[in-house]
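> got a sequence here, can you build the structure:
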Amino acid sequence: MTIHFVGAGPGAADLLTLRAVEALRTADVCLYAGTYLDEGVLDHCRPDARLVDTQHLDLDGIIAELAEAHAAGLEVVRLCSGDPSLYSALAEQTRRLDAAGVPWDVVPGVPAYAAAAAELGVELTVPELVQSVVLTRVQARSTAMPSTESLENFAATGATLVLHLAITRIREIAERLVPTHDADCPVAVVSNASRPHRVELRGTLADIADAVEGAGLRQAAVILVGRALERPGTAESWLYASDPEREAKRRTLDPVDRQR
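Numbering: from 1, shown residues only. Got it, this is the predicted structure:
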């Protein structure tokens, strides 16, 4: 038997992958964080499956549940909010499972930032404006950020910024970004993306903190910052250009670029 780390997506029961649903359908035990998903997600589990809400368990308690279920020969799913590749404590959990000789695998999920962008109807990369997305957080009551990964360093790149686990620091974040982005830079906050009680706020660095505090948002929110949120209608992707237009662009490239 194997411990399956399964991406639960942004919380909605219908935004799991087919592979995730199959893992839940066959699980004897499912560990999940009740704060971040709708009860409908657990409806994919068998009626006789043992369900364990981990929101009040520490890491050692979670590992004990996983190891005991594995030792009993049970099929186990560990649900991770969003996608396990981001802020899921996958590394800490799997290190301990490796040490205990417990096998595991990973099923990806829909990340929260993608669900937030879908709610907003935006593309986070725009030709000739921004072609990179930075997924990051800020330090609060959490592990320290590496010295090279300051918010100011990321802001200087001009990339679209997506901040997780940072909603309670929104005023500080906005103030720190004004020098590089200007006060009128668009900002969006999406809380509980994809879920019935989702909240979507739009504003600028000048006023988004007031909107967030007025709405009383404290968790399960993603902050997006950048000019891509304005849905600018300027340049268009070369990929979908007509053949004559593509040829014209090709002729403007220097010889080195033409070979790429």
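> please parse the protein into its domains.
Split into domains by automatic domain parsing, the chain comes to 3-107, 112-230.
> with mean neighbour count, distance to residue 236 and mean pLDDT added, can I get the ones you listed in a markdown table?
Where you see a C-beta, it was placed from the backbone N, CA and C, and this is true even at glycine. Rendered in a markdown table, the data for these read as follows (neighbours: other CB atoms under 10 Å; distance: least, CB to CB, whole Å; pLDDT from 0 to 100):
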| stretch | mean neighbour count | distance to residue 236 | mean pLDDT |
| --- | --- | --- | --- |
| domain 3-107 | 18 | 29 | 95 |
| domain 112-230 | 17 | 6 | 94 |
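> quick one, strands of the chain?
In the chain, the strands defined using DSSP state E lie at 3-7, 29-32, 50-53, 76-80, 104-107, 133-136, 160-163, 186-191, 199-204, 221-225.
> of all those, which lies closest to residue 174?
Comparison of those against residue 174 by CB to CB identifies strand 186-191 as nearest, at 7.1 Å.
> hmm, who's touching that closest one?
Counting by CB atoms under 8 Å, 6 or more residues apart in numbering, the neighbours of strand 186-191 from elsewhere in the structure are 115-116, 119-120, 122, 167, 170, 174, 198-205, 208, 211-212, 215, 217, 219-227, 229-230.
> format the strands of the chain as JSON lines; extra columns: distance to residue 153.
Formatted as JSON lines, these follow (distance: least, CB to CB, whole Å):
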{"stretch": "strand 3-7", "distance to residue 153": "28"}
{"stretch": "strand 29-32", "distance to residue 153": "35"}
{"stretch": "strand 50-53", "distance to residue 153": "38"}
{"stretch": "strand 76-80", "distance to residue 153": "28"}
{"stretch": "strand 104-107", "distance to residue 153": "29"}
{"stretch": "strand 133-136", "distance to residue 153": "10"}
{"stretch": "strand 160-163", "distance to residue 153": "11"}
{"stretch": "strand 186-191", "distance to residue 153": "19"}
{"stretch": "strand 199-204", "distance to residue 153": "22"}
{"stretch": "strand 221-225", "distance to residue 153": "14"}
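> without its sequence neighbours, what residue ends up closest to residue 13?
With sequence-adjacent residues excluded and distances taken as CB to CB, 6 or more residues apart in numbering, residue 13 is closest to residue 40, at 3.2 Å.
> residue contacts, the residue lying closest to residue 66 once chain neighbours are set aside?
Leaving aside its chain neighbours, residue 66 sits nearest to residue 3 (5.3 Å; criterion: CB to CB, 6+ apart). Shown here is residue 3, whose contacts under the criterion CB under 8 Å, 6+ apart are 66, 70, 76-78, 97, 102-105.
> show me what residue 3 is bridged to.
Beta bridges link residue 3 to residue 76, residue 104, judged by DSSP bridges.
> give me the distance between it and residue 11.
Going from residue 3 to residue 11 by CB to CB, to the nearest Å gives 22 Å.
> the strands of the chain: which one's closest to residue 89?
Closest among these, using CB to CB: strand 76-80, at 8.2 Å.
> which neighbouring elements make contact with that closest one?
In this structure, strand 76-80 packs against strand 3-7, helix 18-26, strand 29-32, helix 59-71, with contacts taken as 3 or more CB pairs under 8 Å, 6 or more residues apart in numbering; DSSP states H and E.
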